[in-house]
Structure formats: C-alpha cells, structure tokens
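quick one, what's the 3D model for this:
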Amino acid sequence: MSLTVKWIFWLWVSLVLAQFHDNGCFGCLEEEKNALLEFKASFYTQDSLSLPSWEDQETDCCQWESVNCDEKIGRVTKLYINNSRDSSMQDLYLNASLFLPFQELTLLNLSTNFISRLVDDDGFLRLSKLKKLQLLDLSNNTLDNSVLASIHAVTSLKTLLLGANILEGSTHIQELAALNNLEELDLSNNRLNSFITVQGLKNLSKLKVLHLNTNFFNMTTLQSLGALPSLKQLYLGDNNITGSITVEGKHHYCFSGCLLSNKFPSSVHPYSLLSFIELNTLRNLEVLDLSTNFLTQDFLQIVEFMTSLKALSLHKNRLNGTLPIQGLCKLKNLQELDLSDNDLEGTVSSCLGNLTSLWVLDLSKNRLSGNISSLLISSLRSLKFLSLSHNVFQSMASFSSFSNHSELEVFELVSNNNGLVVETENQTWVPAFQLKVFRLSNCTLNGDSIPSFLYHQHDLRVVDLSHNNLKGEFPTWLMENNTRLELLLLKNNSFTGYLHPLPLPPTNVAALDVSNNRFHGQIPSNISKLFPNLKFLNVSKNSFEGSIPSSFGDMRNLVFLDMSNNSFSGGIPKNLALGCSSLRALKLSNNDLVGQMFPEVSNMTSLENLHLDGNRLTGKIPESLSNSSSLLSLDLSYNNISGKLPGWIGNMNSLEKLLMTENHLEGSIPADFCSLDSLTDLDLSKNYLSGSIPPCFSPPSLRQVYLQGNRFTGPMTKALSECSSLVILDISNNHWTGVIPNWIHELSSLSILLMSRNQFEGKIPTQLCQLSMVTIVDLSHNNLSGPIPSCLNEIPIKIGFRSGKFRKDSYLFSSFKYLSYSYKTQFIELFQESTDRYPLRSEKTVAAFMTKNRSDFYRGNILYYMAGFDLSSNKLTGAIPPEIGKLSRIYALNLSHNHLTGPIPTTFSSLEKIESLDLSYNHLTGMIPPQLIELHNLAVFSVAYNNLSGKTPEEAQFGSFVETSYEGNPFLCVALLKKNCNQIGEGSSVTEDREENSFIDMMSFYMSFGASYITVLLGLLVILCISPDCRRKWFQLINLCITSCSTFFLHYLC
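Reported below is the predicted structural model:
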C-alpha cells in the first residue's frame, strides 16, 4: 500500500512540474519572448541577418543568442544586443518602453548600434520600472546631451557607459545626481570640456571608477573632481590638461601641515587648490591616467601625497628634466608606472629602487642616458614589464642582474643607435624568470650569437633580435623550445644558411621576419605545413633562389608576404593568387620572375598592396586583378608589360599609388581614371602612352605625377588643375604643345615642376610666380619666347621636406590590472612600414634636373633640399631681369641657349647659395660683374658664346674656371687664354685699333699688286720683241677676239 502511495505522490509531483514548465518556470515567459520579437522588428530591417535565432515561436527564448536567463525562474536577466546593426542602416530612434517586460533585467548592452535619439520625450524614464537594472551600456552610438535628461530616472544603475557618443560642451552633471548607486561612469571619447556645476558630483558618493579620457577637459575639471570621495580609478588621458601644478616659493614647506589642517597661505598658486583640497579628498585614488596631455614635470611634486596610488600613467606629456622627479619615489604602493614618450633626460636614479611593489615600468621614448644600474635592477624584483626602449643609454648592467626576477615576463630594450652595449654572455647563469616578450634590438652585444640564456626560456611569445649583427644559422631550437611563439623578428643581422624544416610545425607562429640577412637556397616547398598559421612573412633582402612555392596558396591566414630583393625565378604560382584570399600585401619586387604577371583567375579580394616591380614580367595587365578592388598600392614598374591601361583600374576607389614606369604600355589614359579620388602617386613614365590627359582627371589628394618619357601630344587641358596637393609634376620629354596653362598657380602645393623637352610656346606665364612652394622649375628645350618674368623673385623658395606622421597601433597581450596596459606588438606596425602605405616613396621619389653641366637625379628627401631654375634652350629675349638676383636660395640657374641681351645683372652677386650658373649661347654684352666673386659656392660658371668684353674676374673661385667657360667672346680678356690684357681697352678702343690695323694691311696690298702688274707687262713686251713666232700668234689671237666680238654684237643688235 505504501508503495502505491509513493508512486501516486511522485506522479503528482511530475504533473505539477510539467504544469510549472508550461507556465514558464523552465523557459522564458511568453510576454518576454513577444517583447524580444517586437524589439527585433523595430530594431532591424526586414532583410537584416542579425539575430537569426530570434524567429521560432516554439523555441525557448532563453536559448536565443545574446539572451541570458536566470535558470531558477526562467526570466531574462541580461541582453547583449551590441554591435548588431549594420553601418548601412539609418540612425535608430530607440523605443525604451520595449524593455519594460523584462522586470528581472540586470544588464542591457546596446553599444555600437547607431542609436541617435529616443522615440518619445520620456526617454529612459520608463526604464525606472526596471528596479534591478544595474548596467546600461550605450557606448559607441550617436547620442547627444539630451540623453542625460531622462537617464537619471534609472536609480538602480551601478554602471553607466556613455563613451564614444557625441556628448559635447559643458554638461549639467547634476542631471545624473539621482544615480546615487552609481559606481562606474564612462563619458570617454566625447566632446565634453567641463562640468557647469559640481553639485551632481557630490551626490555620486559611491562612484569608484570615472572615465573621462579623450575629451576636451582642462585643469578646472580636475579641481571639481575633489567632490568624489570614493573615487579609486580616474581616467583623464587625451584631454587638454596643460601646464604645471605647483606651490610657489617659500610656501612649499607647508604641504604636509596644510593638508592636515586645511589652512593655506594666501599666496598659494591658483592651481594649488587641486594640490591641497582636491588631492586631500582623492587620497583613496588608486589609478590615475593623465596620459596624452600637456603636463610638465612639476606635477609630480604633489603626487607624493596620493599615497594610495597603485597605477600612474603620464605617457606622452611634456615631462622634462631628470628622473626621478621629486615625490615619485615616495609612492611605495605603486605597481604600474608609465612615463614613456616624454622628454626626460639624465641617468635613472637608484631612488626608483624604493618602489619595490612595482611590476610595470615603462620609461621608453625619452632621452635618458648613462648606464642602466645593476643596483636598480636588482631592487625591482617584482617587475613583470620593463621597457627602456628608444633612449640614449650607453650601456646596461649584465643581463644576469635579472637572474632572480622570477616574475619578469616582458623586457624591451630597443636602442636608437647600435652604440648601446649590452652584456649577455659574461658568465653562466640560469634565469629564474620565464619571459613572454623579449625585445633586444639595435644594440651591441658582447657576443655575436643569440643570447644563450634564451635556451632556458620555454614560454616566449614575442622575440625581437633585429639589428644586432648576430651570426649563425636559423635558430630552429628557439621555435622548438617555445611552442607558443607568435612573433620572431631577426631582420638586419648576419644569419646564414638555409631555412631548415622543423620536426614539429610551430603552429602558433604568426609573424616571421628574417629580412636583410645572408640566407640562401630555396624556400621549402612545403612551407604551408611548416608554418600553418603564418600571417606575416618577410624574407626580403637575402639570397634565396629557385621558384616561389605554390604551397603558399594553402596558407589561408597569410596577410603579408614580402619576398623582394632575392633571386627568385620562374613565374608567379597560380595557386598563390587562388588560395591567399586574406593576403593584404604581396611584394615580389627585384627578382628574376618571368611570364604573365598574374593568372587569369584570382581570389585576392583583400589585397591592398601589390609590388611586382623590377622583374621581367610580360603580357598585358590581366582583368583578374580587378577582383582586388581594395588595392591601395600597385607597383608594376621596370618590367616588360605591354598593352593598354585597362579602364577598370578606375573602379579601384581606394587606390593611392599607381606605379608603372619603364614598361611598354601604349594608348591613352582612360577617362575612367577620373574616378581615382584617393590617388596620391601616379607614375606612368617611360612608356609609349599617347594622346592627352582626360580633362576630368584631378584627384584631390594627388601628390606626385610622373608622365615623362612618353608620347603625349596636344595642349595641356584642365587635367590636374584642381590638384591643390600636388607636390611633383614631371611631364618632360613628350610632345606637348600650346602654352603653359594659366591655371598653373592653382597648384598651390607644387614644389617641383618639370616640363622640359616638349614643344610649349608663348610666354612664360606670370602665374608661375604665384607658386609659393616651388623650388625646382625646368622649362628647358621648348619654344618659349618673350622676356623672363621679373616677378620670379616673388617665389619664396621654401627648402625642406614636408611629411605627415601616422598612427601605428596594435595589441597582442591581455590587459594588465589597472591601466589596461597592453603590450604593443609589431603586426600592424610591420605591415605599414614594409608596404610603405603612407609615406612618400622616399626610395623612388626621383627628379632629373640639369646642374653643373650634367643631369643629376635627386632621390628621396634630398630632393626637397634642392632649388633651381632651368629656362635653357628656348627663344627667350630681352634683358635678364635684375630681380632674379633676389632668388638667394637657389643652387642652380640655367639661362643658356636663348636670345637674351644686355648685361649680366650685378644683383647676381646676391645668389649666395648658387653652385651652377650657365648663361652661355646668348647675346649678352658688357663686362662680367666683378661682384660675382662673392659667390663662394659657385662651382660651375659658363658665359661662353656671347658678346662680352673687358677683363674677367680672377679672384676666388674664378681663378679655377676652365677656358670653355669663356670661349666664343672675341672681345673678352681671359687670363687663361694668355692674351695681353694691357693692350686691350674697352669696346670702342678695340674697334679703332682694328680699323687702324686694317688700313696698313690695305696699303701693302696695293703696292704689291702694282709692282706685280708692271712686272708682268714688261715681261710680255720683252717676249714679243725677241720671238717673231710668238709675236705672230699674239696678233692672230687679238684678231680672232676682235672678229668674235663683232659677230656677237651684229647678231644681237641687228
């Protein structure tokens, strides 16, 4: 009977549980499910692919993605609906009332959804009914200040995240005063500059974490934060906090007493309000981030009173002077200290050794010098992260000083020059630490091989030993011992031998750089199996040979591949183009590759940089390359590529560099190129291109244009007329005709203008004088006529290279405890540096300019320190404007082979930097101005074939000029020609002397002619008298002549 009762009891319990399940205790409520579906319908478009599991009415919504429920009660408690709307969608107006059914909700994440406003005026007031809501994340949207008006109603909030919105200006923080349970507030990455009042801050008595970084806050904001007594973490990085925080002169002694008594001298510096009152209330502060501001070293004088500090970041401020700065060494609880990227100098004092709790120390990117003390190193045994890179240290204590640092995980010492001496091999020692990151680069090691203590490391993730002149073979043992190794940099050393295969593939290696060494042989054909997860591979500047392995196509994760400057031969494998769909950069420059440049089919849809220059590739540019529509840089220079420029290149909207010099391309530039709005560099020089540039071609970001050595014809159209960023324009050695366009002055950034060896005619436009940035102008070998514009002196000749600075950021390691201090790896940095994505082509930027009687090629940055004008081989007339002498910064001036007249201007003596001056083959007259001896830099001087007269200067450098500098001037007295200059006067006396000499010569001629005539006549008479036979023949001849003349006259006259 009892068994029957128990059976009935358990049956009843089962039915009750089933009933509860149907009512929702073991599954989400129907009301909440409907609310989620309604939310999705209002949040997304009908064709959206977001939240695909939010569809089936029959499924339990607690199993849907982005939804967390309480297993006991089956109610939704957390919603992670972040980053679920596509950027193509319109800004969203959020209906907050949709969340009211979720009465047990504790977390609501709506970040990164393009939310701009709320549907009704109530805003978030309705969310006040959600009594258990503790975290609300609205970061990375487009909300403005109006969101603060209603959010105060949600009084249960402990965490409110409003970072990365468009909050701006001064804000009434009292709008948040009702959130008296708030413990963390994030207002970072907005446009806020101040709090109008601090009353709201006083009510936030529980606030522990405050994020205000990346705004426009200033020093007054710091003063107002003293109203937050519970604050432990304060993030104010990347703001406008400027100046120093000091107490003046004699009152400095009052620090400790005043802080205790709250009594302050009347002459305290205005900013000392923070020094005393605010710091007195912020003495519980544990984390202070003031990175990327404008603070000076005086700030650290008052940091000593913040004795609770565990983390302090003053990265990228204006700290200078010596280290440590007063007060810093008293922070005995400090665990993280970042003083990187400042202007600190001098030696590192052993005082820092007092910070025995320190486990993160970053002193990189300063001007610290001297020796790195072994005493300091041995004192900081808690260190986990130490970066001393980019300073000017002379030497470092033996690396064995770290032998007892059992916690050390990251060590960085990258020297600015290889003068830093580091001892790694002074004795046999076994380290107590296991490093994760080891960077020792550009140093002088006391051994020429990889430091031996690395044989004891088994947990390395990043190893950088570049620029150390290390020798030996490829360290396969380093990968075998450290199976978690992710990045290995060995570039610019003297390693030799082959890349040997490893017994077990290093599956975690993502980046390998062995460039600029002496490796040789072939790349292993099964490289895809040796490094299955490789993302970055640089083997450039070695002596590798053979064909490129087709197994590269099996490396699906490969992002960057640089095999340039080797001796690879054969063709580009088809499998490479088909399989490497993730590849962003491919550099095969300067090898011996042949055949078609690209296969007919390509899946390189992510390709951004393609460099195939310096090979022997043939054929046309294949259409398969059009699949790489994200290309930023395309370099096919120095090959044998033929055919026409394909129009589909114009569809590459992101293309920045298009380089195809020295090929066999023909035809015209397609009009489709007018769509290349991102183009910065265009080099189509030394091909067989013809026609003209499409008038619509004026990319706004274009900086360099090389079209020289082609067959372009016709006049210059409006093409390039709107390129205000253009720095170099080279259209020389073509067949351009017509006049130099008047819109030339609109190229306001133009520095180098090369238009030589064309058929331009007409006058040099005065608009050329409005090019305020120009330094080199070459208009030689054209048909230009008229006078030289006197306004050329208005060009200021600003010499110097202009460039930008570009961000290089990336992260690998997880954050440290307080400052989110992430180890910055070189993945993206390597990618940007190796692909030359942003800077000008410093190694390829070239301009040919005639100077010193030769055509010089100016390359790289030196190009921007050259200045000169070449107007030679034209038809210019008139006198040389004396204003030209005001171009005091030019190095070369060539006006030869024209029709210039008049004297050489004496103002040329002001050309103080001139090195080459050529005025030959003109019609210049007068004397060579003696003032030209003041041109101390003049190395080449020519006035040959003019009408100059007088005596040439002989002092200074004029005593060394060769005879050809003056030839072709018959009235010029040149000491080199050994003429008697004392007998030669000015031009008029020379003429008189020549006339006088001419009269004496004519008298001699007349006298000799008369004597000869008489002698011949007398000899004839004597012969006729002596010989009868001769006399008879003579008279017969006379008779014949008379008869012939009579017959002639009678025939024509009668």
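
please make it C-alpha for all contacts and neighbour counts, starting now.
Noted.

the bottom helix or strand of this structure by mean pLDDT?
Sorted by mean pLDDT, DSSP states H and E, the helices and strands of the chain end with helix 255-261, the least confident at a mean of 36.

the strands in the stretch 851-1000 of the chain, which residues?
With DSSP state E, counting those that start in this stretch as the criterion, the stretch 851-1000 of the chain has strands at 854-859, 868-870, 875-879, 892-894, 899-902, 916-918, 923-926, 940-942, 947-951, 971-973.

pick out the shakiest of those strands, pLDDT-wise.
Out of the strands of the stretch 851-1000 of the chain, the stretch the model trusts least by mean pLDDT is strand 854-859, with a mean of 51.

from the contact counts, what lies against the helix or strand harbouring residue 185?
Element membership of residue 185 [criterion: DSSP states H and E] is strand 184-186. Secondary structure elements in contact with strand 184-186, counted by 3 or more Cα pairs under 8 Å, 6 or more residues apart in numbering; DSSP states H and E, are strand 159-161, strand 209-211.

quick one on the thing from earlier: ok, which of the strands of the stretch 851-1000 of the chain comes nearest residue 462?
With Cα to Cα as the criterion, residue 462 lies closest to strand 854-859 of the strands of the stretch 851-1000 of the chain, at 36.0 Å.

check contacts around residue 33.
With contacts defined as Cα atoms under 8 Å, 6 or more residues apart in numbering, the neighbours of residue 33 are 57, 61.

still on that earlier bit, closest to residue 471 out of the strands of the stretch 851-1000 of the chain?
Going by Cα to Cα, the one of the strands of the stretch 851-1000 of the chain nearest residue 471 is strand 854-859, 32.7 Å.

around residue 158, how many other residues sit close by?
Using other Cα atoms under 10 Å, residue 158 is surrounded by 20 other residues.

number of nearby residues for the residue nearest to it when sequence neighbours are not counted?
Excluding the flanking residues, the one nearest residue 158 by Cα to Cα, 6 or more residues apart in numbering is residue 182, at 4.0 Å. As a burial measure, residue 182 scores 24 neighbours (other Cα under 10 Å).

number the chain from 32, please
With 32 as the first residue, the last one maps to residue 213.

show me what contacts residue 213?
Counted by Cα under 8 Å, 6+ apart, residue 213 has contacts 187-191, 235, 237-238.

how about a cut-off of 7 Å?
With contact set as Cα atoms under 7 Å, 6 or more residues apart in numbering, residue 213 has these partners: 188-190, 235, 237-238.

from the residues you listed, which one has the minimum pLDDT?
For those, the weakest pLDDT value sits at residue 235, with 87.

what about that one, how many residues nearby?
25.

over to residue 552?
Count around residue 552 with other Cα under 10 Å applied: 15.

just after the host helix or strand of it, pick out the following helix or strand.
Using DSSP H and E, residue 552 falls within strand 549-553. On the C-terminal side of strand 549-553, the nearest following helix or strand under DSSP H and E is helix 558-561.

which residues does that following helix contact?
In this structure, residues lying in contact with helix 558-561 by Cα under 7 Å, 6+ apart are 532-533, 536-537, 582-583, 585-586.

from the residues you listed, which is closest to residue 129?
Residue 129 has its nearest neighbour among the contacts of helix 558-561 in residue 586, at 47.2 Å by Cα to Cα.
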